[in-house]
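K.L.:
sharing a model prediction with you, sequence too.
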Amino acid sequence: MDFLRPTTWEEALAAKADRPDAVPIQGGTDVMVEINMDVRRPAALLDLNQVAELREWAMVGDMCRVGAAVPYARVIEELGGPLPGLAQAARTVGSPQIRNRGSVGGNLGAASPAGDSHPPLLAAGAVVEVESRERGVRMIPADEFYLGVKRSALEPDELIRAVHVRPATGPQYFSKVGTRNAMVIAVCSFAIALHPDERRVGTGIGSAAPTPRRALEAEELLARELDWTAPLDPALTRRFGKLCAAAAAPIDDVRGKAAYRVHAIGVMARRTLAWAWNDHLGKRAA
Ligand SMILES: Cc1cc2nc3c(=O)[nH]c(=O)nc-3n(C[C@H](O)[C@H](O)[C@H](O)COP(=O)(O)OP(=O)(O)OC[C@H]3O[C@@H](n4cnc5c(N)ncnc54)[C@H](O)[C@@H]3O)c2cc1C
(Lines give C-alpha, C1' and ligand atoms only; values in the text may rest on other atoms or scores of the structure.)
Protein backbone atom coordinates (compact mmCIF):
# COMPACT_ATOMS: atom_id res chain seq x y z
CA MET A 1 0.00 0.00 0.00
CA ASP A 2 1.40 3.41 -0.98
CA PHE A 3 1.39 6.10 1.67
CA LEU A 4 1.14 9.65 0.32
CA ARG A 5 1.89 12.47 2.73
CA PRO A 6 1.36 15.98 1.30
CA THR A 7 2.24 18.95 3.50
CA THR A 8 0.21 21.62 1.66
CA TRP A 9 -3.32 21.78 0.26
CA GLU A 10 -1.94 22.16 -3.29
CA GLU A 11 0.18 19.03 -2.86
CA ALA A 12 -2.86 17.18 -1.49
CA LEU A 13 -4.98 18.16 -4.53
CA ALA A 14 -2.16 17.15 -6.87
CA ALA A 15 -1.81 13.79 -5.14
CA LYS A 16 -5.56 13.13 -5.39
CA ALA A 17 -5.59 14.19 -9.08
CA ASP A 18 -2.71 11.83 -9.88
CA ARG A 19 -4.04 9.01 -7.69
CA PRO A 20 -7.87 9.18 -7.57
CA ASP A 21 -7.78 5.69 -6.05
CA ALA A 22 -5.93 7.00 -2.97
CA VAL A 23 -8.17 6.99 0.12
CA PRO A 24 -7.87 10.18 2.18
CA ILE A 25 -7.22 9.65 5.86
CA GLN A 26 -7.67 12.33 8.53
CA GLY A 27 -8.41 11.14 12.07
CA GLY A 28 -8.57 7.56 10.77
CA THR A 29 -11.44 6.63 13.10
CA ASP A 30 -13.41 5.27 10.13
CA VAL A 31 -10.60 4.42 7.70
CA MET A 32 -8.44 2.46 10.15
CA VAL A 33 -11.43 0.46 11.39
CA GLU A 34 -12.26 -0.50 7.80
CA ILE A 35 -8.66 -1.51 7.06
CA ASN A 36 -8.31 -3.44 10.31
CA MET A 37 -11.58 -5.27 9.64
CA ASP A 38 -10.55 -5.94 6.01
CA VAL A 39 -13.58 -4.05 4.71
CA ARG A 40 -11.24 -2.37 2.26
CA ARG A 41 -7.60 -2.58 1.26
CA PRO A 42 -6.82 0.62 -0.67
CA ALA A 43 -3.90 0.73 -3.07
CA ALA A 44 -2.87 4.04 -1.49
CA LEU A 45 -3.62 6.15 1.56
CA LEU A 46 -3.54 9.94 1.29
CA ASP A 47 -2.66 11.21 4.75
CA LEU A 48 -3.95 14.77 5.22
CA ASN A 49 -2.63 15.25 8.75
CA GLN A 50 0.34 17.40 7.66
CA VAL A 51 -1.92 19.92 5.90
CA ALA A 52 -2.16 22.37 8.79
CA GLU A 53 -4.77 24.67 7.28
CA LEU A 54 -7.39 21.90 7.43
CA ARG A 55 -7.29 22.12 11.24
CA GLU A 56 -8.25 25.80 11.30
CA TRP A 57 -11.61 27.52 11.54
CA ALA A 58 -12.39 31.21 10.98
CA MET A 59 -15.20 33.64 10.27
CA VAL A 60 -15.32 34.36 6.52
CA GLY A 61 -17.85 37.09 5.85
CA ASP A 62 -20.94 36.10 7.78
CA MET A 63 -20.13 32.37 7.67
CA CYS A 64 -18.08 30.21 10.00
CA ARG A 65 -15.64 28.22 7.86
CA VAL A 66 -14.65 25.03 9.65
CA GLY A 67 -11.62 23.22 8.21
CA ALA A 68 -12.26 19.59 7.32
CA ALA A 69 -9.82 18.32 9.98
CA VAL A 70 -11.17 20.29 12.94
CA PRO A 71 -11.84 17.52 15.48
CA TYR A 72 -15.01 17.17 17.51
CA ALA A 73 -13.16 18.10 20.72
CA ARG A 74 -12.43 21.55 19.29
CA VAL A 75 -15.93 21.95 17.88
CA ILE A 76 -17.16 21.43 21.45
CA GLU A 77 -14.60 23.74 23.08
CA GLU A 78 -14.41 26.52 20.51
CA LEU A 79 -17.59 26.51 18.41
CA GLY A 80 -20.38 25.96 20.94
CA GLY A 81 -21.32 29.67 20.68
CA PRO A 82 -21.68 30.12 16.91
CA LEU A 83 -22.58 26.50 16.06
CA PRO A 84 -24.50 25.11 19.06
CA GLY A 85 -26.28 22.34 17.12
CA LEU A 86 -23.04 20.95 15.70
CA ALA A 87 -21.34 21.23 19.12
CA GLN A 88 -24.19 19.33 20.79
CA ALA A 89 -23.92 16.59 18.19
CA ALA A 90 -20.14 16.50 18.62
CA ARG A 91 -20.58 15.87 22.37
CA THR A 92 -22.44 12.64 21.57
CA VAL A 93 -19.75 11.23 19.25
CA GLY A 94 -17.83 8.17 20.45
CA SER A 95 -15.48 8.66 23.39
CA PRO A 96 -12.92 11.37 24.27
CA GLN A 97 -10.33 9.53 22.14
CA ILE A 98 -12.65 9.47 19.11
CA ARG A 99 -13.62 13.12 19.65
CA ASN A 100 -9.92 14.08 19.72
CA ARG A 101 -9.14 12.31 16.43
CA GLY A 102 -12.45 12.26 14.54
CA SER A 103 -13.34 15.24 12.37
CA VAL A 104 -16.39 16.79 10.77
CA GLY A 105 -14.65 16.44 7.38
CA GLY A 106 -14.19 12.72 8.04
CA ASN A 107 -17.86 12.38 8.95
CA LEU A 108 -18.75 14.06 5.64
CA GLY A 109 -16.24 11.90 3.75
CA ALA A 110 -17.74 8.72 5.21
CA ALA A 111 -21.30 10.01 4.46
CA SER A 112 -22.85 7.41 6.74
CA PRO A 113 -26.58 7.99 7.23
CA ALA A 114 -25.84 7.64 10.97
CA GLY A 115 -23.09 10.31 11.12
CA ASP A 116 -23.88 12.76 13.89
CA SER A 117 -22.62 15.90 12.13
CA HIS A 118 -25.12 15.64 9.31
CA PRO A 119 -28.45 16.56 10.97
CA PRO A 120 -27.16 19.82 12.51
CA LEU A 121 -25.38 20.73 9.25
CA LEU A 122 -28.65 20.20 7.36
CA ALA A 123 -30.70 22.15 9.89
CA ALA A 124 -28.26 25.05 9.83
CA GLY A 125 -28.10 25.15 6.01
CA ALA A 126 -24.37 24.36 5.80
CA VAL A 127 -22.40 24.32 2.55
CA VAL A 128 -19.54 21.88 1.91
CA GLU A 129 -16.42 23.29 0.20
CA VAL A 130 -14.74 20.67 -2.01
CA GLU A 131 -11.93 21.11 -4.49
CA SER A 132 -10.06 19.34 -7.26
CA ARG A 133 -6.88 20.37 -9.05
CA GLU A 134 -8.56 20.30 -12.46
CA ARG A 135 -11.95 21.89 -11.77
CA GLY A 136 -11.27 24.08 -8.74
CA VAL A 137 -13.70 24.75 -5.90
CA ARG A 138 -17.31 23.52 -5.70
CA MET A 139 -19.64 24.73 -2.98
CA ILE A 140 -22.21 21.99 -2.32
CA PRO A 141 -25.22 22.68 -0.07
CA ALA A 142 -25.41 19.98 2.61
CA ASP A 143 -28.80 18.80 1.36
CA GLU A 144 -27.27 18.06 -2.06
CA PHE A 145 -24.14 16.42 -0.65
CA TYR A 146 -25.56 13.08 0.53
CA LEU A 147 -26.50 10.85 -2.41
CA GLY A 148 -26.95 7.37 -0.94
CA VAL A 149 -25.79 5.05 1.82
CA LYS A 150 -22.16 6.11 2.37
CA ARG A 151 -22.24 7.91 -1.00
CA SER A 152 -21.73 11.63 -1.45
CA ALA A 153 -21.43 14.17 -4.25
CA LEU A 154 -17.63 14.13 -3.85
CA GLU A 155 -15.85 13.15 -7.11
CA PRO A 156 -12.86 10.75 -7.05
CA ASP A 157 -10.36 13.58 -7.67
CA GLU A 158 -11.89 15.93 -5.07
CA LEU A 159 -11.13 16.55 -1.41
CA ILE A 160 -13.24 18.21 1.25
CA ARG A 161 -11.58 21.41 2.36
CA ALA A 162 -14.08 22.93 4.79
CA VAL A 163 -17.71 23.29 5.74
CA HIS A 164 -19.35 26.72 5.89
CA VAL A 165 -22.06 27.28 8.48
CA ARG A 166 -23.85 30.49 9.30
CA PRO A 167 -23.52 31.24 13.03
CA ALA A 168 -26.77 30.55 14.86
CA THR A 169 -29.30 33.37 14.88
CA GLY A 170 -31.66 31.35 17.10
CA PRO A 171 -31.74 28.26 19.31
CA GLN A 172 -30.49 24.93 17.94
CA TYR A 173 -30.85 21.43 19.36
CA PHE A 174 -29.64 17.93 18.55
CA SER A 175 -31.21 14.76 19.93
CA LYS A 176 -29.98 11.19 19.48
CA VAL A 177 -31.45 7.83 20.40
CA GLY A 178 -28.91 5.12 21.16
CA THR A 179 -28.89 1.79 22.88
CA ARG A 180 -26.82 3.39 25.66
CA ASN A 181 -25.68 6.90 26.55
CA ALA A 182 -22.09 6.92 25.27
CA MET A 183 -19.98 5.30 22.51
CA VAL A 184 -23.02 4.59 20.43
CA ILE A 185 -23.94 4.90 16.77
CA ALA A 186 -27.32 6.59 16.49
CA VAL A 187 -30.42 4.42 16.22
CA CYS A 188 -31.81 7.67 14.89
CA SER A 189 -31.23 11.37 15.49
CA PHE A 190 -32.82 14.74 14.85
CA ALA A 191 -31.59 18.33 14.71
CA ILE A 192 -33.49 21.59 14.68
CA ALA A 193 -32.33 25.15 14.04
CA LEU A 194 -34.54 28.20 14.47
CA HIS A 195 -33.77 31.04 12.05
CA PRO A 196 -35.90 33.85 13.51
CA ASP A 197 -34.50 36.45 11.10
CA GLU A 198 -35.84 34.39 8.17
CA ARG A 199 -38.95 33.20 10.07
CA ARG A 200 -37.78 29.67 9.18
CA VAL A 201 -37.05 26.43 11.02
CA GLY A 202 -34.41 24.03 9.66
CA THR A 203 -34.46 20.29 10.31
CA GLY A 204 -32.11 17.33 9.91
CA ILE A 205 -32.95 13.64 10.25
CA GLY A 206 -30.18 11.12 10.91
CA SER A 207 -30.02 7.32 10.68
CA ALA A 208 -33.61 7.00 9.52
CA ALA A 209 -33.26 7.00 5.71
CA PRO A 210 -30.58 6.01 3.15
CA THR A 211 -29.12 9.48 3.57
CA PRO A 212 -29.34 12.21 6.19
CA ARG A 213 -32.20 14.43 5.05
CA ARG A 214 -34.37 17.42 5.89
CA ALA A 215 -38.07 17.12 6.71
CA LEU A 216 -39.10 19.58 4.03
CA GLU A 217 -42.88 19.44 4.46
CA ALA A 218 -42.48 19.90 8.20
CA GLU A 219 -40.28 22.94 7.58
CA GLU A 220 -42.87 24.35 5.16
CA LEU A 221 -45.65 23.83 7.70
CA LEU A 222 -43.83 25.93 10.30
CA ALA A 223 -42.87 28.58 7.74
CA ARG A 224 -46.60 28.96 6.96
CA GLU A 225 -48.20 28.63 10.37
CA LEU A 226 -45.77 29.45 13.17
CA ASP A 227 -46.52 32.63 15.10
CA TRP A 228 -43.05 33.74 16.21
CA THR A 229 -44.39 35.88 19.05
CA ALA A 230 -46.77 33.39 20.67
CA PRO A 231 -46.42 30.24 22.78
CA LEU A 232 -46.13 27.08 20.73
CA ASP A 233 -49.48 25.68 19.62
CA PRO A 234 -49.62 22.00 20.78
CA ALA A 235 -51.66 20.99 17.72
CA LEU A 236 -49.08 22.56 15.40
CA THR A 237 -46.29 20.81 17.32
CA ARG A 238 -48.04 17.47 16.84
CA ARG A 239 -48.49 18.09 13.11
CA PHE A 240 -44.80 19.04 12.88
CA GLY A 241 -43.83 15.78 14.63
CA LYS A 242 -46.01 13.76 12.27
CA LEU A 243 -44.53 15.37 9.16
CA CYS A 244 -40.98 14.81 10.45
CA ALA A 245 -41.79 11.15 11.13
CA ALA A 246 -43.31 10.88 7.63
CA ALA A 247 -40.09 12.26 6.12
CA ALA A 248 -38.12 9.33 7.54
CA ALA A 249 -37.66 6.18 5.43
CA PRO A 250 -35.77 3.83 7.74
CA ILE A 251 -35.02 0.13 7.61
CA ASP A 252 -34.99 -2.59 10.25
CA ASP A 253 -31.39 -3.33 11.22
CA VAL A 254 -29.28 -4.44 14.18
CA ARG A 255 -29.67 -1.09 15.91
CA GLY A 256 -33.43 -0.68 15.66
CA LYS A 257 -36.71 -1.38 13.91
CA ALA A 258 -38.01 0.92 11.18
CA ALA A 259 -41.30 1.48 13.01
CA TYR A 260 -39.48 2.46 16.18
CA ARG A 261 -37.26 4.90 14.30
CA VAL A 262 -40.27 6.58 12.66
CA HIS A 263 -41.91 6.93 16.07
CA ALA A 264 -38.73 8.25 17.70
CA ILE A 265 -38.17 10.86 14.97
CA GLY A 266 -41.66 12.24 15.66
CA VAL A 267 -40.99 12.38 19.39
CA MET A 268 -37.57 14.04 18.99
CA ALA A 269 -38.99 16.55 16.50
CA ARG A 270 -41.71 17.63 18.96
CA ARG A 271 -39.29 17.76 21.89
CA THR A 272 -36.52 19.69 20.16
CA LEU A 273 -39.03 22.19 18.76
CA ALA A 274 -40.41 22.75 22.28
CA TRP A 275 -36.91 23.19 23.77
CA ALA A 276 -35.91 25.62 21.03
CA TRP A 277 -39.19 27.51 21.33
CA ASN A 278 -38.77 27.95 25.09
CA ASP A 279 -35.33 29.44 24.49
CA HIS A 280 -36.66 31.65 21.72
CA LEU A 281 -39.51 33.07 23.84
CA GLY A 282 -37.22 33.37 26.88
CA LYS A 283 -34.80 35.45 24.85
CA ARG A 284 -37.61 37.70 23.61
CA ALA A 285 -38.86 38.23 27.14
CA ALA A 286 -35.38 39.00 28.53
C1 LIG B 1 -15.26 3.67 18.56
C2 LIG B 1 -15.88 4.57 17.53
C3 LIG B 1 -17.00 5.33 17.88
C4 LIG B 1 -17.59 6.17 16.93
N5 LIG B 1 -18.69 6.90 17.30
C6 LIG B 1 -19.28 7.72 16.40
C7 LIG B 1 -20.43 8.48 16.76
O8 LIG B 1 -20.91 8.43 17.89
N9 LIG B 1 -20.98 9.29 15.81
C10 LIG B 1 -20.46 9.39 14.54
O11 LIG B 1 -20.98 10.15 13.73
N12 LIG B 1 -19.36 8.69 14.18
C13 LIG B 1 -18.76 7.86 15.06
N14 LIG B 1 -17.66 7.12 14.70
C15 LIG B 1 -17.17 7.22 13.31
C16 LIG B 1 -16.05 8.27 13.09
O17 LIG B 1 -15.40 8.59 14.30
C18 LIG B 1 -16.61 9.56 12.47
O19 LIG B 1 -17.24 9.29 11.25
C20 LIG B 1 -15.53 10.62 12.27
O21 LIG B 1 -16.15 11.85 12.00
C22 LIG B 1 -14.54 10.29 11.17
O23 LIG B 1 -13.58 11.33 11.14
P24 LIG B 1 -12.05 11.00 10.84
O25 LIG B 1 -11.32 12.28 10.77
O26 LIG B 1 -11.53 9.99 11.80
O27 LIG B 1 -12.19 10.35 9.38
P28 LIG B 1 -11.31 9.27 8.63
O29 LIG B 1 -11.48 7.92 9.21
O30 LIG B 1 -9.91 9.75 8.45
O31 LIG B 1 -12.05 9.34 7.21
C32 LIG B 1 -13.41 9.01 7.09
C33 LIG B 1 -13.84 9.06 5.63
O34 LIG B 1 -13.74 10.37 5.12
C35 LIG B 1 -12.79 10.43 4.06
N36 LIG B 1 -12.07 11.70 4.23
C37 LIG B 1 -11.45 12.16 5.36
N38 LIG B 1 -11.00 13.41 5.17
C39 LIG B 1 -11.36 13.76 3.92
C40 LIG B 1 -11.18 14.95 3.13
N41 LIG B 1 -10.57 16.06 3.61
N42 LIG B 1 -11.68 14.96 1.87
C43 LIG B 1 -12.32 13.86 1.37
N44 LIG B 1 -12.52 12.72 2.07
C45 LIG B 1 -12.04 12.67 3.32
C46 LIG B 1 -11.94 9.19 4.20
O47 LIG B 1 -11.36 8.77 2.98
C48 LIG B 1 -12.95 8.20 4.73
O49 LIG B 1 -13.74 7.71 3.67
C50 LIG B 1 -17.04 6.27 15.62
C51 LIG B 1 -15.90 5.53 15.28
C52 LIG B 1 -15.32 4.69 16.23
C53 LIG B 1 -14.10 3.89 15.85
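P.N.:
Sure, I can see it.

K.L.:
for the stretch 151-286 of the chain, give me the ranges with low pLDDT.
P.N.:
Screening the stretch 151-286 of the chain residue by residue with the criterion pLDDT under 70, one finds no matching range.

K.L.:
how about the residues of it near the ligand?
P.N.:
Proximity of the stretch 151-286 of the chain to the ligand is confined to Leu159, Ile160, Met183, Ile185 under the rule C-beta under 6 Å from any ligand atom. C-beta here means a position set from N, CA and C on the backbone, and glycine is covered the same way.

K.L.:
export those to JSON lines and tack on neighbour count and secondary structure?
P.N.:
As requested, these are exported to JSON lines (neighbours: other C-beta atoms under 10 Å; DSSP: H, G, I helix; E, B strand; the rest coil):
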{"residue": "Leu159", "neighbour count": "26", "secondary structure": "strand"}
{"residue": "Ile160", "neighbour count": "27", "secondary structure": "strand"}
{"residue": "Met183", "neighbour count": "11", "secondary structure": "coil"}
{"residue": "Ile185", "neighbour count": "17", "secondary structure": "coil"}
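
K.L.:
farthest pair in the residues you listed?
P.N.:
Of all pairs drawn from these, the one with the longest distance (C-beta to C-beta) is Leu159 and Met183, at 28.9 Å.

K.L.:
secondary structure element for Glu131?
P.N.:
Remark: Glu131 resides in strand 127-132, with elements defined by DSSP states H and E.

K.L.:
so what does that strand touch, helix or strand wise?
P.N.:
Using 3 or more C-beta pairs under 8 Å, 6 or more residues apart in numbering; DSSP states H and E as the contact definition, the elements that strand 127-132 packs against are helix 9-18, strand 136-141, helix 142-145, strand 159-165.

K.L.:
6 Å instead, please
P.N.:
In this structure, strand 127-132 makes packing contacts with strand 136-141, strand 159-165, judged by 3 or more C-beta pairs under 6 Å, 6 or more residues apart in numbering; DSSP states H and E.

K.L.:
contacts only, for Glu158.
P.N.:
If a contact means C-beta atoms under 6 Å, 6 or more residues apart in numbering, then Glu158 has Val130, Ser132 as its contacts.

K.L.:
give me phi/psi at it?
P.N.:
With angles defined as degrees, to the nearest 10, Glu158 shows backbone torsions of phi -100, psi 150.
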